[in-house]
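A.B. asks: Kindly return the folded structure for what I paste below:
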Amino acid sequence: MGRVGAVHGRDGSFWVEGAVEAAHEALAPGGEVVVAGRRARVERRAGTSERPLLRIAGVETRAEAAARRGEAVLVDEALAPLGPGEWLVEDLVGARVEGLGEVRRVLAGPSCDLLEVGEGRLLIPLVSDAVRSIDPGARVIDVNRAFLGLGEDDARGPEG
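C.D. replies: Down below sits the predicted model:
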């Protein structure tokens, strides 16, 4: 759903940074989240859809919330189905990038996620200028080689 952000108040509440569109319903009071490997009940939900404010069970002080800053806020996948243009990391790891190799892992960068590809560990930004299409069923990722500075690209457009 996002990451634990700045602490708010003294009761362990924190802002959720980078919240996805489905966060509003999935982070409702009484629901469950996983933060830092621990399952917890949402005790309070405030803020906006874009910037939720949460207090969860087991995090009762400002210091406890601050210690979790940067941790992922996770919910059951059924509560947050993927939207168009969204993929699970496990759908991308092992996918083939033609002529470059397989995706070894997905790294969280400061402005976008990065695909680490092949033995040379080439980093490809997970943005539309660099990645034309992802077919998780076929486990194939089509990239724009020219944009990546890897030589001439063929004439295919974004539709491939």
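
A.B. asks: From the contact counts, what lies against the top helix by length along the chain?
C.D. replies: What stands out as the longest helix in the chain, according to DSSP state H, is helix 62-67. If you count contacts as 3 or more CB pairs under 8 Å, 6 or more residues apart in numbering; DSSP states H and E, helix 62-67 packs onto strand 2-8. Any C-beta I mention is one placed from the backbone N, CA and C, and that applies to glycine too.

A.B. asks: about what we covered before: for the longest helix of the chain, which positions count as buried?
C.D. replies: By 16 or more other CB atoms under 10 Å, the buried positions in helix 62-67 come out as 62, 65.

A.B. asks: who touches it?
C.D. replies: Helix 62-67 has contacts (CB atoms under 8 Å, 6 or more residues apart in numbering) with 4, 7, 9-14, 58-59.

A.B. asks: In its sheet, which strands sit next to the helix or strand following that helix, and in what direction?
C.D. replies: Using DSSP states H and E, the helix or strand that follows helix 62-67 in sequence is strand 72-74. Within its sheet, and counting by DSSP bridges, strand 72-74 is paired with strand 2-8 (antiparallel), strand 32-35 (antiparallel).

A.B. asks: got the contact list for strand 72-74?
C.D. replies: For strand 72-74, contacts defined as CB under 8 Å, 6+ apart pick out 1-4, 16, 27, 33-35, 54.

A.B. asks: mind running it again at 6 Å?
C.D. replies: Under the contact criterion CB atoms under 6 Å, 6 or more residues apart in numbering, strand 72-74 has outside partners 1-3, 16, 33-35.

A.B. asks: and that strand, how far from the chain's centre?
C.D. replies: Its chain's average C-alpha position is 9 Å from that of strand 72-74, according to CA atoms, centre = their mean, to the nearest Å.

A.B. asks: Could you do stretch 129-143 as well?
C.D. replies: Using CA atoms, centre = their mean, the offset of stretch 129-143 from its chain centre is 17 Å.

A.B. asks: tell me the average confidence for that stretch?
C.D. replies: Averaged over stretch 129-143, pLDDT sits at 93.

A.B. asks: Return the set of buried residues in that stretch.
C.D. replies: So for stretch 129-143, counting by 16+ other CB under 10 Å, buried means 130-132, 134, 141, 143.

A.B. asks: First-to-last residue distance for it?
C.D. replies: In stretch 129-143, first residue to last residue: 8 Å (CA to CA, to the nearest Å).
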